[in-house]
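[1] got a structure for you, letters missing:
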């Protein structure tokens, strides 16, 4: 190619007009009066896919879909026989969410390949921008439905899950969207690990780390896994709050508080040793129909969500949770039912791709920082399926999964420049 690398950056800056237009169109298509709502396998999610497909065709890309109705915006390379590069993210949202969670990654991929066309950079291999369905877990109680279906990893029993708004099963919503349930149920792989050279995902950061550090772009080291108790219970005894001495009670609330305190100290010890761990008790409640001001509480329901980039830390936490629960149950004369601890494996980003992003940031003189992702992403599914993966975070203000979510277009441009430089290097 006669074009030099800075021509791609100039083309990307020129394509920010397209990016801003697409963000505005997405907001208009899915506005809910407060934020945006794009339920998975809904008309609004499909409209978002159609919008991106139309934009892709207008810049000269081909458009494909798989049997789960994920959309692929394809820039053909010189050698169609070699594995392709995928740039992906999702287009669904939570209820009353923000306009950038997920969508920023798809639009970044589209403007990347559009800029490659503008700068006469036809890659050696195919580059596919993947608009993924149904990433958000709040709708069906299932994470990453679209990516797992494409990778042949969606269990057939999950098709029975009901969507929270319609109360109808996933299989029905998929059928209405034109999905091929026979292929999905047979775990047919549309994307084979051997046919995918690399997976890249740009996403807004969903926490305040980049904002507080005054850094516009992050390079993700890995995606935290978790050990979780989804519906734990502590059973004590309901007794009179005035008549029963403290030492004779079987107080479920006090027992759970002891567990919280013990695990919080474990977090302090692990964090103080320089290891990665976050700990959350996302639900903690008594039975309001039975508990009263004058009753010693006899039952508490709670959840535990411990996350780390290191599986050994998760295994350690699982042991600590069980050991503390057993000890406190014995001391407080209560019963803990943790309901079984569920694991999600951490996903380390590919070292070569990570180093490629670091090199590109220095080459482009973009200020970045390395950081783990606390939230789950489709990149984890690709990693666990054997596809080398990498992620770029863009600074986001006011948190995520809410209407106030905010991303500066200049930060988005810098993140996309970093993404494009790394992708063009891998696809050369």
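    Thanks, I have it. Predicted, not measured: the structure shown is a model, and the values here were computed from it. Numbers count the residues shown, from 1 in each chain.

[2] and the strands in the stretch 151-300 of the chain, which stretches?
    Assigned by DSSP state E, counting those that start in this stretch, the stretch 151-300 of the chain shows strands spanning 196-204, 217-223, 225-235, 239-240, 278-280, 284-286, 295-296, 299-308.

[3] now swap in the stretch 1-150 of the chain and tell me
    Using DSSP E, counting those that start in this stretch, strands in the stretch 1-150 of the chain cover 62-65, 71-75, 84-90, 127-132.

[4] would TSV of these with distance to residue 214, mean neighbour count and mean pLDDT be doable?
    No exception for glycine: its C-beta is placed from N, CA and C like everyone else's. What follows is those, written out as TSV (distance: least, CB to CB, whole Å; neighbours: other CB atoms under 10 Å; pLDDT from 0 to 100):
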stretch	distance to residue 214	mean neighbour count	mean pLDDT
strand 62-65	39	15	98
strand 71-75	34	23	98
strand 84-90	25	27	98
strand 127-132	30	28	98
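
[5] which residues does the residue lying closest to residue 320 once chain neighbours are set aside contact?
    In this structure, residue 320 finds its nearest non-sequential neighbour in residue 266, 5.2 Å apart by CB to CB, 6 or more residues apart in numbering. Neighbouring residues of residue 266 by CB atoms under 8 Å, 6 or more residues apart in numbering: 279, 317, 320.

[6] looking at the strands of the stretch 151-300 of the chain, which is buried most?
    strand 196-204 (a mean of 26; mean count of other CB atoms under 10 Å).

[7] I'd like the strands of the stretch 151-300 of the chain as a markdown table, with mean pLDDT appended.
    Below are these laid out as a markdown table (pLDDT from 0 to 100):
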| stretch | mean pLDDT |
| --- | --- |
| strand 196-204 | 98 |
| strand 217-223 | 97 |
| strand 225-235 | 95 |
| strand 239-240 | 94 |
| strand 278-280 | 97 |
| strand 284-286 | 95 |
| strand 295-296 | 94 |
| strand 299-308 | 97 |
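
[8] nearest to residue 357, of those strands?
    When the strands of the stretch 151-300 of the chain are compared by CB to CB, strand 217-223 sits nearest residue 357, at 4.8 Å.

[9] roughly how far apart are residue 14 and residue 96?
    Using CB to CB, to the nearest Å, residue 14 is found at 34 Å from residue 96.

[10] what residues are up against residue 380?
    Contacts for residue 380 were tallied using CB under 8 Å, 6+ apart; they are 144, 223, 347, 389.

[11] hmm, try it at 6 Å
    223, 347 (CB atoms under 6 Å, 6 or more residues apart in numbering).

[12] averaged pLDDT, the helix or strand hosting it. What do you get?
    Taking DSSP states H and E as the criterion, residue 380 maps to helix 378-384. Per-residue pLDDT over helix 378-384 has a mean of 95.

[13] centre-most residue in this structure?
    For the chain, residue 377 is the residue whose C-alpha lies nearest the centre (CA atoms, centre = their mean; 2.7 Å).

[14] report the buried residues of stretch 101-117.
    Within stretch 101-117, the residues that count as buried by 16 or more other CB atoms under 10 Å are 101-116.

[15] follow-up on the earlier one: take the contacts of residue 266 and lay them out in CSV including distance to residue 184.
    Below are the contacts of residue 266 laid out as CSV (distance: CB to CB, whole Å):
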residue, distance to residue 184
279, 36
317, 34
320, 39
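
[16] can you get me a residue count around residue 94?
    Look at residue 94: counted by other CB atoms under 10 Å, it has 20 neighbours.

[17] for residue 265, same thing?
    Residue 265 has 12 nearby residues by other CB under 10 Å.

[18] picking that back up, for residue 155, which of the strands of the stretch 151-300 of the chain is the nearest?
    That would be strand 225-235 among the strands of the stretch 151-300 of the chain, by CB to CB, at 17.1 Å.

[19] for residue 27, which non-adjacent residue is closest in space?
    residue 99 (4.8 Å).

[20] next: residue 143.
    Counting by CB to CB, 6+ apart, the residue nearest residue 143 is residue 137, at 4.0 Å.

[21] ok, the one you found touching residue 144?
    No: counting by CB atoms under 6 Å, residue 137 stays clear of residue 144, with 7.7 Å between them.

[22] tell me which of those two has more neighbours.
    Legend: neighbour count by other CB under 10 Å for residue 137 and residue 144, higher for residue 144 (25 against 14).

[23] where's the more buried one relative to residue 69, distance?
    15 Å.

[24] kindly report the same for residue 346.
    29 Å.

[25] with residue 237 instead?
    Distance of residue 237 to residue 69, computed by CB to CB: 53 Å.

[26] can you give me the pLDDT of the residue of the chain most remote from its centre?
    Largest separation from the mean C-alpha position in the chain: residue 243, at 50.3 Å (CA atoms, centre = their mean). pLDDT, residue 243: 95.

[27] for the remainder of this discussion, apply numbering that starts at 26.
    From this message on, residue numbering opens at 26, which makes the last subject residue 268.

[28] show me what contacts it?
    Counting by CB under 6 Å, 6+ apart, residue 268 touches no other residue.

[29] for it, grab phi and psi.
    Phi and psi for residue 268, reported as degrees, to the nearest 10, are phi -90, psi -20.

[30] and which of the buried residues of stretch 126-142 is nearest residue 281?
    Using CB to CB, those come closest to residue 281 at residue 126, 32.5 Å.

[31] how far away is the closest one from residue 204?
    Distance of residue 126 to residue 204, given as CB to CB: 23 Å.

[32] ok, residue 305 next?
    Here the criterion is CB to CB. By it, residue 305 lies 34 Å from residue 204.

[33] coming back round to it: what element comes up after the helix holding residue 405 heading to the C-terminus?
    For helix 403-409, the following helix or strand on the C-terminal side (DSSP H and E) is strand 414-419.

[34] now whichever helix or strand comes after that next one against strand 109-115, angle please.
    Toward the C-terminus, strand 414-419 is succeeded by helix 434-451 as the next helix or strand (DSSP H and E). With axes from the mean of the first three to the mean of the last three CA atoms, to 10 degrees as the basis, helix 434-451 and strand 109-115 are set at 150 degrees to each other.
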